[in-house]
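Asks: give the three-dimensional model of this entry:
(2 chains)
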Amino acid sequence: MNSVIKGTGYALVHTPDMVLHNGTTQTTEMIVNPDSEYLKELPSHIRSYEQAVAYYPNQAYIGNITPDELAKIPMPWNEQECPLTSRYGKFGQIMPQEEFILLMQACDVFDLVELDSEFVAANRDKLAANEIIDDSIMARIKEGVSAEKVKDLVENEHAEGLYHLGKLVGAVKRAHDIDVNLSAHVMHENIVSKASNVVGILHAIKNAGIAKEDVEYVIDCSEEACGDMNQRGGGNFAKSVAEIAGLVNASGADIRGFCAAPAHTMIEAASLVTAGAYKTVVVTAGGCTAKLGMNGKDHVKKGLPILEDMLGAFAIVLGENDGVNPEINLNLLGRHTVGTSSGPQDVTTALVFKPLEKGELKVTDIDKYAGELHNSDILKPAGGGDPALQFFKVVAATAVKRGELEKADIPSFPVKHGMVGWAPTQGHIPSGVPFVGFAREDILSGKIKNAMIVGKGSLFLGRMTNLFDGVSFVIQANTGATEEKGVSEEEVKALIAKSLKEFAAGLLAE
Amino acid sequence: MDLENQKRVLEFANQYGAENVVVLLGAAEGEASGLAAETVTNGDPTYAGPLTGVQLGLTVYHVCEPEVKAEFDPDIYEDQVGMMEMVLDVDDIVKEMSAIREQYCKYLG
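Replies: Numbering: from 1, shown residues only, chains lettered A, B, ... in the order given. Got it, this is the predicted structure:
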């Protein structure tokens, strides 16, 4: 019995001050070139919250505009007037920084986040009005401390400052005096990941229409590591997020695999449900501060706004087959193995064409492929091209090499079977999964019959292996087969009774 | 260009002599190729890495450029690069790479 996708949640958090203080491009520049023109210019390129909301790709992320509609908007998108200005969408929301800073404090269970009491008082009602925040989370918000105390923590106690619109409004303290894995910097990064993760998961549960108590297992596939000096990536984000989200019946664990992690995790979650180990599993990920403003230098040089001012988060609820929702077909999995090279053709063959072969399918039998869904409005000005378009072209070109397509079909393939990218450049976020929400809707409405989600990751970044990585899976319309035919208790009883009768008849005959 | 890669390019140039090093790029489009080529010739234009202000002037090509293609066994090239050649905007890459080489390469005859 295939598992089904019951619902999805997609959330963005606008964090302009974290671009300046926590993005590694900026923090590196502060070390190597503190008086640089870039650092002086940067603040004037920061977007307001309203500007970040009225931006087509962000509206696509929360579900207010479809990928097909986005493809019709001329690029560059950052120059277009966007009439969509709602912070909420059918998949999730775009959270403003002030609400998020309060949520960070609510997510901290070790008294590490201290906020200026005036900032808390000014923004408490805003967070309470957020449609997914309930009393259990609001009850975690503390009164706050004095502005002097916050300043002292940052200046004298190695705390990481929390800023809003240029003003110091809080601090994340270090969790240990000498352990670098519990430093204020790491704790800040991890609490941000956890808090943004909570936003995604609460939307997913709401959208799936399930009770929080129904969730039995949560798997986090973010890119951060939590642990102390004795186990740097010990974990467990998943359970810590489930705690804040109120998933009282859930356990959980973390899976890592760079940008491919979400696809790996979806396959493992689907396997757990299909095997009957857990009835409802949530795949979830929070955002990453380090990548904020990653291509900022190019954006500033070209007079553009800093477009990497958003944290990305998502969550996907998988459950037992209900006969309605789209299924994950575990017979059509692609995987890049140790023995596969990192050449584009071999990678694409392993991830796309091997699973197609298993299902005796042609490349055009899959209605939509989703991979590398980076927003090219961010990457093109930085010389990063259009990874989504590139990926679909590579699939088409590999199909040409295999004799499945004509060379003349390459330009039209990305339009028919691919899509434009809209995800923020948050590493794990763009890798195929932003389409799962749309895929679920399009399959339910009959617009498409299936989709292949492809996750790819660059493992060399961790300096443990030079191998490439990736996995893929196929989502398909529900086949209606909710339960494989088994033998019921009545049938067993009848069979035993029949055998006994025959046995008795045999004895009598003797 | 990745900071670690800049460090490795600089180490190779010091170890073997800049005139003996050829950098072969595989970037997916023209601008990215041009930026990497500029980094190993005129220095890191983003002022972030070890090649900031270091004008190595190395000889640099993209693997899809005709001069490089001519050096390969055609069958192996077709097998390894042929597919990407179909996908990439080779003309744009050649244009970007030629411009950088003309300006900054020190070791071309």
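Asks: pLDDT score assigned to residue B:109?
Replies: pLDDT recorded at residue B:109 is 68.
Asks: residue A:496 now?
Replies: At residue A:496, the pLDDT value in this model is 81.
Asks: so it is in which element?
Replies: Assigned by DSSP states H and E, residue A:496 belongs to helix A:489-509.
Asks: which strands or helices does that helix pack on?
Replies: If contacts are counted by 3 or more C-beta pairs under 8 Å, 6 or more residues apart in numbering or on different chains; DSSP states H and E, helix A:489-509 sits against no helix or strand. C-beta: built from backbone N, CA, C; applies to glycine.
Asks: all strands for the chain, in order.
Replies: Picking chain A for this. In chain A, strands defined by DSSP state E lie at A:4-14, A:92-95, A:113-115, A:160-164, A:167-172, A:217-220, A:251-254, A:280-285, A:310-319, A:327-335, A:368-370, A:450-458, A:468-476, listed in chain order.
Asks: sorry, should have said chain B
Replies: Using DSSP E, the strands found in chain B span residues B:22-25, B:59-62.
Asks: tell me how far the lowest-mean-pLDDT helix or strand in chain A lies from the chain's centre.
Replies: For chain A, counting by mean pLDDT, DSSP states H and E, helix A:489-509 ranks last in confidence among helices and strands (a mean of 78). Taking C-alpha atoms, centre = their mean, to the nearest Å, the mean C-alpha location of helix A:489-509 is offset from the chain mean by 56 Å.
Asks: what's around the closest residue to residue A:420 other than its chain neighbours, how many residues?
Replies: Once flanking residues are discounted, residue A:420 sits nearest to residue A:71: 4.7 Å by C-beta to C-beta, 6 or more residues apart in numbering or on different chains. Counted with other C-beta atoms under 10 Å in any protein chain shown, the neighbours of residue A:71 add up to 15.
Asks: now do the same contact list for residue A:71.
Replies: Going by C-beta atoms under 8 Å, 6 or more residues apart in numbering or on different chains, residue A:71 touches A:415, A:419-420.
Asks: give me every residue in chain B lying close to chain A.
Replies: B:28-29, B:31-32, B:34-35, B:46-48, B:80, B:82-84, B:86-87 (C-beta under 8 Å from any C-beta of the partner chain).
Asks: is residue A:293 in contact with residue A:308, as I believe?
Replies: Yes: between residue A:293 and residue A:308 there is a contact under C-beta atoms under 8 Å: 5.2 Å.
Asks: looking at the two, which is more packed in?
Replies: residue A:293 (29 against 23).
Asks: distance-wise, check the more buried one relative to chain B.
Replies: According to C-beta to the nearest C-beta, to the nearest Å, residue A:293 stands 13 Å off from chain B.
Asks: max-length helix in chain A?
Replies: helix A:184-208 (DSSP state H).
Asks: could you give the angle of that helix to strand A:167-172?
Replies: Relative orientation of helix A:184-208 and strand A:167-172, computed by axes from the mean of the first three to the mean of the last three C-alpha atoms, to 10 degrees: 90 degrees.
Asks: what's the angle between helix A:184-208 and strand A:310-319?
Replies: Using the same axes, to 10 degrees: helix A:184-208 against strand A:310-319 is 50 degrees.
Asks: helix A:184-208 versus strand A:4-14: what angle between them?
Replies: Using the same axes, to 10 degrees: helix A:184-208 against strand A:4-14 is 130 degrees.
Asks: list the buried ones in helix A:184-208?
Replies: Going by neighbour count (16 or more other C-beta atoms under 10 Å in any protein chain shown), the buried part of helix A:184-208 is A:184-205, A:207-208.
Asks: OK, contacts around the residue positioned nearest the centre of chain A?
Replies: Taking C-alpha atoms, centre = their mean, the centroid of chain A lies closest to residue A:314, which sits 3.9 Å from it. Going by C-beta under 8 Å, 6+ apart, residue A:314 touches A:8-11, A:200, A:204, A:262, A:284-285, A:429, A:433-434.
Asks: just give the nearest non-adjacent residue to residue A:83, would you?
Replies: Closest residue in space to residue A:83, ignoring its immediate chain neighbours: residue A:54 at 7.8 Å, by C-beta to C-beta, 6+ apart.
Asks: return the residues of the stretch 351-500 of chain A in contact with chain B.
Replies: So the stretch 351-500 of chain A meets chain B at A:383-385, A:387, A:390, A:393-394, A:397-398, A:400-401, A:407, A:410 (C-beta under 8 Å from any C-beta).
Asks: buried among those residues? Make that a ChimeraX selection.
Replies: Paste this into ChimeraX to select the buried members of those, with burial taken from 16+ other C-beta under 10 Å:
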select /A:383,384,385,387,390,393,394,397,398,400,401,410
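Asks: could you dump the residues of the stretch 351-500 of chain A next to chain B into JSON lines with pLDDT added?
Replies: Shown next, in JSON lines, are those (pLDDT from 0 to 100):
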{"residue": "A:383", "pLDDT": "84"}
{"residue": "A:384", "pLDDT": "85"}
{"residue": "A:385", "pLDDT": "87"}
{"residue": "A:387", "pLDDT": "94"}
{"residue": "A:390", "pLDDT": "93"}
{"residue": "A:393", "pLDDT": "95"}
{"residue": "A:394", "pLDDT": "95"}
{"residue": "A:397", "pLDDT": "95"}
{"residue": "A:398", "pLDDT": "95"}
{"residue": "A:400", "pLDDT": "94"}
{"residue": "A:401", "pLDDT": "91"}
{"residue": "A:407", "pLDDT": "92"}
{"residue": "A:410", "pLDDT": "94"}
